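A.B. asks: coords below, sequence missing:
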């Protein structure tokens, strides 16, 4: 549970990699008792500022519903997985 609460994006880690790692942490601790929105906020707050800004280009993540936020994150992670990462999205 502590790993989930202290989640931070690693240097040079793509959004896709960070999201996959965060989901693995959640699976390792299925009894975490977090709401979906708490999960989204913990993940979002653990991202580096440039990554947050790119993610927010699809709409301010913290103001979305949990379901809409997860959909936006999933869409953006697919973009970063199939491209050369965030650099190509920024270009």
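C.D. replies: Thanks, I have it. It should be emphasised that the depicted structure is a prediction, and the values quoted were computed from it without experimental measurement.

A.B. asks: residue boundaries of the helices in the chain?
C.D. replies: Secondary structure of the chain (DSSP state H): helices at 2-5, 15-28, 36-46, 49-56, 66-81, 86-90.

A.B. asks: pull the contacting residues for the residue lying closest to residue 35 once chain neighbours are set aside.
C.D. replies: Computed as Cβ to Cβ, 6 or more residues apart in numbering, the closest residue to residue 35 that is not its neighbour in sequence is residue 66, at 7.0 Å. Any C-beta I mention is one placed from the backbone N, CA and C, and that applies to glycine too. Shown in contact with residue 66 (Cβ atoms under 8 Å, 6 or more residues apart in numbering): 35, 36, 37, 39, 40.

A.B. asks: pick the one among these closest to residue 3.
C.D. replies: If you rank those by distance to residue 3 using Cβ to Cβ, residue 39 comes first, at 13.1 Å.

A.B. asks: where does the chain dip in pLDDT?
C.D. replies: Applying pLDDT under 70 to the chain flags residues 80-91.

A.B. asks: what is the burial count for residue 76?
C.D. replies: Residues near residue 76, counting by other Cβ atoms under 10 Å, number 22.

A.B. asks: my read: it touches residue 43, true?
C.D. replies: No. Here residue 76 does not reach residue 43: they are 11.9 Å apart, not a contact under Cβ atoms under 8 Å.

A.B. asks: can you list the buried residues in stretch 56-64?
C.D. replies: 58, 61, 64 (16 or more other Cβ atoms under 10 Å).

A.B. asks: and if you look at stretch 11-18?
C.D. replies: By 16+ other Cβ under 10 Å, the buried positions in stretch 11-18 come out as 13, 14, 15, 16, 17, 18.

A.B. asks: alright, calling it a day.
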